[in-house]
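Q: requesting a structural model of the entry that follows:
(chains A and B)
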There are 2 protein chains.
Amino acid sequence: MNVTIDFGGTNIKIGLVREGSVLVKTSIPALSDNGLLTRLPDVEQGIRRLLSGAGVSLADCRGIGIALPGIIDGEGKTLLSIKDKYTDALGFDFAGWSASQLGLPLVVENDARAALLGEIAYGNARGEKDAVLVIFGTGIGTAAMIGGEVVRGRHGQAGILGGHLATDIYGERCNCGNPGCLEAQASHWAIPLRAAKLPGFADSMLAGEKDWGYETILRASEEGDAFAARLEADLLLHWGAGIVNLIHAYDPEVVILSGGLMKSADRLLPRLAERVRETAWTPWGTPRFTVAEDPETSVLLGMSYLASRQQHASKGE
Amino acid sequence: MNVTIDFGGTNIKIGLVREGSVLVKTSIPALSDNGLLTRLPDVEQGIRRLLSGAGVSLADCRGIGIALPGIIDGEGKTLLSIKDKYTDALGFDFAGWSASQLGLPLVVENDARAALLGEIAYGNARGEKDAVLVIFGTGIGTAAMIGGEVVRGRHGQAGILGGHLATDIYGERCNCGNPGCLEAQASHWAIPLRAAKLPGFADSMLAGEKDWGYETILRASEEGDAFAARLEADLLLHWGAGIVNLIHAYDPEVVILSGGLMKSADRLLPRLAERVRETAWTPWGTPRFTVAEDPETSVLLGMSYLASRQQHASKGE
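A: Numbering: from 1, shown residues only, chains lettered A, B, ... in the order given. You can find the predicted model right below:
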């Protein structure tokens, strides 16, 4: 059994995972404006509550896996770079924290890589060896696998920056510093900022919304808002191009989609798949699309997979 | 000693390579509008002339390496996909041709991958393990290496489609079918088509040019042509973004630039490197830039490297 933690922008999810299934899970507010380290006491309390509720003791657990929305070092120990939130955790000794507070070995990984591993080890892409994953969350996270190996690169950055491949270099500058990133044009956090500059916004029902994003646009578009319909069509171009970028970069057989946007998979998936069929250069055929059943679960399962693998490795198994 | 052939869009280069140096080379017109197969008799004649001029017999050669600007199968035998030119060679049995006409074993590879291998085995990136290469030729070819392994992907497409990552999805549609590819905005073949649609073109000295591209723009810009100067600045955005796309996708330590555009490396390289420093998300540092000394040679050296490796593999060495 492993303890798994997913530090999202809005919520921190905590789960107990055994053999590819989440036994119990809970969620606490991220309050990420205050940083990550101030949340660790609550995270520890959340873990202990979850364990006692499930009638499990810390001694029954073999390790901890923590997922973070940033760049992790090759050893799976440290956060190297992250944008905007949780920057106080850069270089933090998570393993030291885990050892002293909970007495368990720990592994850290990028959240999208964890989700890819979760989907391939236990989810809708089970057994695949060549896959890319896109999480349309607050930002846009990605990960890639080629020939059964997760793509990591020399400094741990390869595969996870698919949201920071360009779709429009004349468009918005990303919070990563790069002009034109997919994430800066078409992610949950970026859409309201970009939309407010587009002609017709003031007349749209979106102009009256607060904290809006993916769901609000799609609902407004369904309800006949002309601006929202144009925006939806434009976003489909960006999302499709972002997926084609990943296909061209990593040559997958399967494209796994995840994140809040996929609550609208029924509406979006056929159009995204059609767009990719029309525009990707894949003479061998067309990658299969699949949607993660439960985005939260796939990250937790992936972290448990990594925690178990680390235990095997440290035993020389 | 290996025979190496590089089927470019304009010229077919043929070279004899021994231990990482090109002994002799020659070039014949590609006449690629007529396809590739009709050129094979002239290629064979070119090889025989080159050999006899160098006082070398076919029996002294161990193998042939052919570079093509398209997608090659994983076995290094067949051309799977190519755009516009040489389409008659799709699926052609190059090994059969080589065996029957010259009695030598053969390997086929994408030209940009060959150039990357040539630069890493013998050139300016010797010994590097994490690198990307961009050839700014008629089109824009790329290749990538991670951890000492050339990135190939499940269907041989990974790494070589960096010219088909997007820079502007609202821009020109590429001949690969994808809207927005770097190659369709900023390659030698694409620039005149895009420029002719931009405001001010008619007043530019470029409007009077025929068959113009990289060199013509840079010269006109130097000579004070205002349109050419604006176009040069715009192209630098695309080229820079294309390089950043590769850095974000493959996480290299070294970026190798090659192709005709690099005749102007003195003028362009500092500005490209500056652009990348400003915009790439690389918390570990900044990739080093290097320029291939001789783009033609790097492809031939890479093909010889592959031909030798194949001979070792077939002997179980």
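Q: could I get the contacting residues of whatever residue of the stretch 101-250 of chain A ends up closest to chain B?
A: Closest contact between the stretch 101-250 of chain A and chain B, by CB to the nearest CB, is at residue A:153 (2.7 Å). (Each C-beta comes from the backbone N, C-alpha and C, glycine too.) The contact partners of residue A:153, taken as CB atoms under 8 Å, 6 or more residues apart in numbering or on different chains, are A:159, B:130, B:146, B:250-252.
Q: how about these in JSON lines, adding secondary structure and pLDDT?
A: Listed next are those as JSON lines, based on DSSP: H, G, I helix; E, B strand; the rest coil; pLDDT from 0 to 100:
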{"residue": "A:159", "secondary structure": "coil", "pLDDT": "98"}
{"residue": "B:130", "secondary structure": "coil", "pLDDT": "98"}
{"residue": "B:146", "secondary structure": "strand", "pLDDT": "98"}
{"residue": "B:250", "secondary structure": "helix", "pLDDT": "98"}
{"residue": "B:251", "secondary structure": "coil", "pLDDT": "98"}
{"residue": "B:252", "secondary structure": "coil", "pLDDT": "98"}
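Q: same list (the residues you listed) but as TSV, adding neighbour count and distance to residue A:273.
A: Formatted as TSV, these follow (neighbours: other CB atoms under 10 Å in any protein chain shown; distance: CB to CB, whole Å):
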residue	neighbour count	distance to residue A:273
A:159	29	22
B:130	20	33
B:146	24	29
B:250	29	26
B:251	27	29
B:252	28	31
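Q: of those residues, closest to residue B:184?
A: Among those, residue B:250 lies closest to residue B:184 (CB to CB), at 21.4 Å.
Q: contacts only, for the closest one.
A: By CB under 8 Å, 6+ apart, the contact set of residue B:250 is A:153, A:158, A:249, B:130, B:132, B:144-146, B:151, B:159.
Q: most widely separated two among the residues you listed?
A: Using CB to CB, the contacts of residue B:250 span at most 15.4 Å, a distance reached by A:249 and B:130.
Q: could you list which of the contacts of residue B:250 belong to helices?
A: Among these, the members found in helices (DSSP state H) are residue A:249.
Q: and for the residue in the stretch 201-317 of chain A that chain B sits nearest to, nearest residue in space, chain neighbours not counted?
A: In the stretch 201-317 of chain A, the residue that lies nearest chain B is residue A:251 (2.7 Å; CB to the nearest CB). Excluding the flanking residues, the one nearest residue A:251 by CB to CB, 6 or more residues apart in numbering or on different chains is residue B:153, at 2.7 Å.
Q: mind checking pLDDT for that neighbour?
A: For residue B:153, the pLDDT comes out at 97.
Q: walk me through the domains of chain A.
A: Domains of chain A are assigned by automatic domain parsing as A:2-111+A:297-314, A:124-292.
Q: tell me the most buried of these?
A: Using mean count of other CB atoms under 10 Å in any protein chain shown, the stretch among the domains of chain A with the largest mean neighbour count is domain A:124-292, at a mean of 21.
Q: picking that back up, distance to residue B:163 added to the contacts of residue A:153, as CSV?
A: Formatted as CSV, the contacts of residue A:153 follow (distance: CB to CB, whole Å):
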residue, distance to residue B:163
A:159, 20
B:130, 20
B:146, 19
B:250, 14
B:251, 19
B:252, 16
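Q: wait, residue A:114 sits on residue A:299?
A: Yes: the pair residue A:114 / residue A:299 is scored as a contact, 4.8 Å apart, by CB atoms under 8 Å.
Q: which residues do these two both contact?
A: What both residue A:114 and residue A:299 touch, as defined by CB under 8 Å, 6+ apart, is the set A:6, A:67.
Q: which stretches of the stretch 1-150 of chain A have low pLDDT?
A: Residues of the stretch 1-150 of chain A meeting the criterion pLDDT under 70: none.
Q: any chance you could map the strands in it?
A: Secondary structure of the stretch 1-150 of chain A by DSSP state E, counting those that start in this stretch: the strands cover A:2-7, A:11-18, A:21-29, A:63-68, A:71-72, A:79-81, A:106-110, A:131-136, A:140-146, A:149-150.
Q: the fifth one near chain B at all?
A: Yes: in this structure, strand A:71-72 sits against chain B according to CB under 8 Å from any CB of the partner chain; the contacting residues are residue A:71.
Q: who are the packing partners of that strand?
A: Secondary-structure packing of strand A:71-72 (3 or more CB pairs under 8 Å, 6 or more residues apart in numbering or on different chains; DSSP states H and E): strand A:79-81, strand A:106-110.
Q: tabulate those strands (TSV), appending distance to residue A:98.
A: Formatted as TSV, those follow (distance: least, CB to CB, whole Å):
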stretch	distance to residue A:98
strand A:79-81	14
strand A:106-110	4
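Q: list the contacts for the residue nearest to residue A:288 when sequence neighbours are not counted?
A: Excluding the flanking residues, the one nearest residue A:288 by CB to CB, 6+ apart is residue A:254, at 5.0 Å. Neighbouring residues of residue A:254 by CB under 8 Å, 6+ apart: A:125, A:128, A:130-132, A:287-290.
Q: now for the residues you listed, which pair is the farthest apart?
A: Most distant of the contacts of residue A:254, by CB to CB, are A:130 and A:289, 14.1 Å apart.
Q: residues of the stretch 1-150 of chain A that sit close to chain B?
A: Going by CB under 8 Å from any CB, the residues of the stretch 1-150 of chain A near chain B are A:71, A:80-81, A:129-130, A:146-147.
Q: wouldn't residue A:112 be in contact with residue A:141 here?
A: Yes: contact criterion CB under 8 Å: residue A:112 and residue A:141 qualify, at 3.4 Å.
Q: any common contacting residues for the two?
A: With CB under 8 Å, 6+ apart as the test, residue A:112 and residue A:141 both reach A:69, A:134-135, A:160.
Q: quick one: which two of those residues are the most distant?
A: Greatest spatial distance among the shared contacts of residue A:112 and residue A:141 (CB to CB): A:69 and A:134, at 13.6 Å.
Q: what do those two both touch?
A: Both residue A:69 and residue A:134 are in contact with A:112, A:141, where contact means CB under 8 Å, 6+ apart.
Q: can the contacts of residue A:254 go into TSV with extra columns for distance to residue A:216?
A: Formatted as TSV, the contacts of residue A:254 follow (distance: CB to CB, whole Å):
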residue	distance to residue A:216
A:125	30
A:128	33
A:130	35
A:131	30
A:132	27
A:287	30
A:288	30
A:289	24
A:290	26
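Q: and the helices in chain A?
A: For chain A, the helices defined by DSSP H cover A:40-53, A:94-101, A:111-122, A:182-186, A:191-195, A:214-222, A:226-250, A:265-279, A:295-314.
Q: nearest to residue B:36, out of these?
A: helix A:226-250 (24.3 Å).
Q: and that closest one, how far out from the chain middle?
A: Mean C-alpha position of helix A:226-250 versus that of the full chain (CA atoms, centre = their mean, to the nearest Å) differs by 18 Å.
Q: quick check: closest non-adjacent residue to residue A:308.
A: residue A:2 (6.4 Å).
Q: isn't that neighbour right next to residue A:66, touching?
A: No: at 10.9 Å, residue A:2 and residue A:66 do not qualify as touching, with contact defined as CB under 8 Å.
Q: gap between residue A:249 and residue A:164?
A: Separation of residue A:249 from residue A:164 (CB to CB, to the nearest Å) stands at 12 Å.
Q: intersection of neighbour lists for those two?
A: If you check residue A:249 and residue A:164 against CB under 8 Å, 6+ apart, no residue is contacted by both.
Q: residues touching residue A:308, list them.
A: For residue A:308, the contacting residues are A:2, A:62-63, by CB under 8 Å, 6+ apart.
Q: and it, what pLDDT?
A: For residue A:308, the pLDDT comes out at 92.
Q: repeat for residue A:212
A: We have a pLDDT of 91 for residue A:212.
Q: my read: it touches residue A:204, true?
A: No: taking contacts as CB under 8 Å, residue A:212 lies outside contact range of residue A:204: 10.6 Å.
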